Every structure is written in structure tokens, then in C-alpha cells.
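K.L.:
Mind looking at a prediction? Sequence and model below.
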Amino acid sequence: MSYLASPKRYQSMEYRRCGHSGLQLPAISLGLWHNFGDTTLFDNSRDMLLCAFDLGITHFDLANNYGPPPGSAETNFGRILQQDLMPYRDEMVISSKAGYTMWEGPYGDWGSKKYLIASLNQSLKRMGLDYVDIFYHHRPDPNTPLEETMGALDLIVRQGKALYVGLSNYPAETARQAIKILRDLGTPCLIHQPKYSMFERWVEGGLLDVLQDEGVGSIAFSPLAGGLLTDRYLHGIPPDSRAAHSKFLKPEAITEQKLGQIKKLNDMALARGQKLSQMALAWVLRGDRITSVLIGASRTSQIEDAVGMLENRHFSAEEISAIERILAS
Ligand SMILES: NC(=O)c1ccc[n+]([C@@H]2O[C@H](COP(=O)([O-])OP(=O)(O)OC[C@H]3O[C@@H](n4cnc5c(N)ncnc54)[C@H](OP(=O)(O)O)[C@@H]3O)[C@@H](O)[C@H]2O)c1
């Protein structure tokens, strides 16, 4: 069946300006790190992408190494684009990244110009695209001059292979330096992609201040802490959950203390008339410093849950304090 996007797709999503740029991003974006590789059902991946687009999620986040195997999320995304979404390409913001190990030898990792240019060429081929909207350096490289890595990002934009560039996992001071280099090169940094959730708050120690000062947007990855900040683990570890099958969320991470916090947060969310996953996303978006929350999903209902969050995003001062007390308990 050929896909026709929902005519209601722009009715409920909120779009937020990304820093001082002209680009608006949906409050909720979808990442393809898990559940889009070759080890999951292609039809489920397709259903999730189409469901997201129908709900106004216009931004899809990839990286060279997403799979497994590495590269397969981009290949599968490319198939779904060709099959269903290409007529809507100009309604979509597609990102990719390079910075982690991708191929053997000295040119398939970190932050050299050699690696970044080659990797993006491969990503474009896998996705069947002429350009991505955003290309990120995925993590800082302590052994390559920042000038070289930022020079590669600038070159990529000048070559027309990306419209904007971003940084991911850069600590505050390195981010400030990189943002300055990019500005001097004439390619402003659009966005930073850090990990941020109730359980992971390092960005509050300076990075968000830098981004605000510099007019750079932000997209928070793993806002549900990989699924911990949901009702998924309240009664054990379900066999189809990330903790049961991914090396990136080990059962040991679900400690008694964490579970205690999750239960209290869950009670609080229910009292607000929403799910814990929804409260956790709303919390990341509180204030104006995060442009978009970058969720993952294993089924369409989780994407619907995330978008449902938009109906109740407000927190009273008492609720914010109560969350702080729970997180400190
Ligand atoms: N830049 C980087 O270094 C970096 C690193 C990591 C991720 N990212 C990006 O961030 C994206 C999101 O990361 P993430 O997948 O860790 O995000 P997340 O939103 O914290 O976790 C997503 C997982 O939570 C569970 N979940 C989601 N909604 C739920 C609901 N309503 N009820 C119950 N469980 C729910 C699902 O796990 P189950 O499988 O258990 O159902 C889902 O796969 C990635 O796809 C990627 O694009 C970037």
C-alpha cells in the first residue's frame, strides 16, 4: 500500500526555533539508534517512521554506526524513504553523524577530515540522499585539532552535503571553542546533542549556559534514560525490553534505589493525569533551553505516548521541588 501522509500532521505538534537559526524543530524528534537495524522487523521500523511523520515529527536522527550492524539503520531508513517518504523530503529534517568506530584502520573513527568526509559520503549513499539537513561530529576527539574537525564540518556545508552542522557529547568549554571556530569559518553551529534526562543532568553544569550565550539550539538524547523513566520496569524486566537485549542498558542499571525513584515518579505522573514517560519528556522541555527531545521507540504506541505529552507540559513550582526531592532520595 502506498503511503499518504495524514492531512492532520501539523495540527498538534509544536515547532521550536533552533537557537538563533531559521530552522524550527519539532518538540519531539525520533532517533533510529535502536530498532531500525537488521535485527528488527522492517515493517515495524516502517510503521514507526510513518506514525511519527503523521503526528508531526519532522526530524529523524541517524548516525553512521546505528544498526546493528553499523550502517543498517541508514540503509533501512533509505529504503523507507524511497518506498514512502521521498515525496515529503522537503518536510523532513534528517541528520547523521560520524565520530565513533565505523570501519577498520586509522581512518574509520574519531574526528579527522579524512574520516568525516568519507563517512558522510557513505551515509548519503546508504540513505539515497544528496544531502542531510544536519551533520554532527558525534564525540570530541582529543587527538585531532578542533580546527581540523570544524574545518571538515565547514567543508561539508560548502560542498552542499549538509545544510547545517552540530556537535554531540562535547563538554561545555570544548563546545564553546568549537562554536567560535565554526562561526569564524562562516558556518554557524546549529545545535548540540547531549544526553539529558532526570537521571543524567551533566548539561546543567555549564553546557546549557554556553549554548544559550552562543545562540545554539539543543536536542536532548535519551530523555527517558533508555526506557528507565517509563512504566516499563515497574514489575521486572520484560523479555522484549531494551534492558533484556541491549548492551546499552544493563539490568544492573535498574538498582533498588533507581526503582524506588521510578515508582515515586510514576505515582506523581499518574496524579498529573499522564504517564511517567510523558512527565519525563515534559520535564526535559521545561524552560526554554532544550529545543527538542530526541526519543527512541520500539513500537508506535510509544511515539503516540510521547506526542500525548504535549497536552500537559506545565509544572508547578511545588511539582518541580517534589521531583528534585525524589531524585535526591
Ligand atoms: N549523540 C549520541 O551520542 C547519542 C547516543 C544515544 C542516543 N542518541 C540519539 O537519541 C535517540 C534516543 O535515544 P534512546 O533510544 O536512548 O532514547 P529514550 O527515549 O531515552 O529511550 C527509548 C526507549 O525507551 C522505551 N520507551 C519509549 N517510550 C516508552 C513508553 N511510552 N513506555 C515504555 N517504554 C518506552 C523503549 O524501550 P524498549 O525497547 O524497552 O521498548 C525505547 O526504545 C537515539 O535513537 C539516537 O538518535 C544519540
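P.N.:
Thanks, I have it. All values reported here derive from a predicted model rather than from experimental measurement.
K.L.:
Who are the contact partners of the residue of the stretch 1-150 of the chain found nearest the ligand?
P.N.:
Distances between the stretch 1-150 of the chain and the ligand by Cβ to the nearest ligand atom are smallest at G31, namely 2.1 Å. (C-beta placed from N, C-alpha, C; glycine too.) G31 makes contact with 60-62, 221, 294-296 under the criterion Cβ atoms under 8 Å, 6 or more residues apart in numbering.
K.L.:
Setting the sequence-adjacent residues aside, check what's closest to F42.
P.N.:
Nearest non-adjacent residue to F42, counting by Cβ to Cβ, 6 or more residues apart in numbering: N76, 6.3 Å away.
K.L.:
Thought G37 was touching that neighbour, still the case?
P.N.:
Yes: N76 lies in contact with G37 (Cβ atoms under 8 Å); the separation is 7.1 Å.
K.L.:
Who has more neighbours out of the two?
P.N.:
Taking other Cβ atoms under 10 Å, N76 and G37 do not tie; N76 has more neighbours (24 against 20).
K.L.:
For that one, give me its contacts.
P.N.:
Counting by Cβ under 8 Å, 6+ apart, N76 has contacts 36-38, 42, 45.
K.L.:
Could you identify which of those residues has the most neighbours?
P.N.:
Neighbour-wise, those (other Cβ under 10 Å) top out at F36, 29 neighbours.
K.L.:
residues from the stretch 201-329 of the chain in reach of the ligand?
P.N.:
221-227, 230, 232, 241-242, 277, 294-298, 302, 305 (Cβ under 6 Å from any ligand atom).
K.L.:
Return the nearest residue of the stretch 151-300 of the chain with respect to the ligand.
P.N.:
Closest point on the stretch 151-300 of the chain to the ligand, by Cβ to the nearest ligand atom, is G296, at 2.0 Å.
K.L.:
Verify the contact between that residue and S222 for me.
P.N.:
Yes: using Cβ under 8 Å, G296 makes contact with S222 at a distance of 7.4 Å.
K.L.:
what are the ranges of the strands in the stretch 201-329 of the chain?
P.N.:
Assigned by DSSP state E, counting those that start in this stretch, the strands in the stretch 201-329 of the chain fall at 217-221, 292-295.
K.L.:
ditto for the stretch 51-200 of the chain
P.N.:
Using DSSP E, counting those that start in this stretch, strands in the stretch 51-200 of the chain cover 59-61, 93-98, 132-137, 162-168, 189-193.
K.L.:
and those strands as TSV, adding distance to the ligand and mean pLDDT?
P.N.:
TSV is the format used below for the strands of the stretch 51-200 of the chain (distance: least, Cβ to the nearest ligand atom, whole Å; pLDDT from 0 to 100):
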stretch	distance to the ligand	mean pLDDT
strand 59-61	4	99
strand 93-98	7	99
strand 132-137	7	99
strand 162-168	4	99
strand 189-193	5	98
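K.L.:
Pipe those strands into CSV and attach distance to L116 and mean neighbour count per row.
P.N.:
As requested, the strands of the stretch 51-200 of the chain are exported to CSV (distance: least, Cβ to Cβ, whole Å; neighbours: other Cβ atoms under 10 Å):
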stretch, distance to L116, mean neighbour count
strand 59-61, 17, 25
strand 93-98, 5, 26
strand 132-137, 7, 25
strand 162-168, 10, 23
strand 189-193, 15, 27
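K.L.:
rewinding a little: cross the residues of the stretch 201-329 of the chain next to the ligand against helices and list the overlap.
P.N.:
242, 277, 302, 305 (DSSP state H).
K.L.:
Need the nearest residue in space to the first one, chain neighbours excluded.
P.N.:
Nearest residue to R242 in three dimensions, chain neighbours excluded: L249, at 4.6 Å (Cβ to Cβ, 6+ apart).
K.L.:
Read off the pLDDT value for the one you found.
P.N.:
At L249, the pLDDT value in this model is 95.
K.L.:
show me the contacts for it.
P.N.:
By Cβ under 8 Å, 6+ apart, L249 lies in contact with 226-228, 242-243.
K.L.:
what's the answer for E74, then?
P.N.:
Residues counted as contacts of E74 (Cβ under 8 Å, 6+ apart) are 62, 64, 66, 96, 123, 126-127.
K.L.:
how far away is the residue of the stretch 151-300 of the chain closest to the ligand from A269?
P.N.:
According to Cβ to Cβ, to the nearest Å, G296 and A269 sit 19 Å apart.
K.L.:
Then M309?
P.N.:
10 Å.
K.L.:
Are there residues contacting both of these two? Which ones?
P.N.:
278-279.
K.L.:
Return the members of the residues of the stretch 201-329 of the chain next to the ligand classed as buried.
P.N.:
Buried members of those, scored by 16 or more other Cβ atoms under 10 Å, are 221-227, 230, 232, 241-242, 277, 294-298, 302, 305.
K.L.:
circling back: so the residue of the stretch 1-150 of the chain closest to the ligand bridges to which residues?
P.N.:
D61 (DSSP bridges).
K.L.:
now Y136
P.N.:
Beta bridges link Y136 to K97, G166, judged by DSSP bridges.
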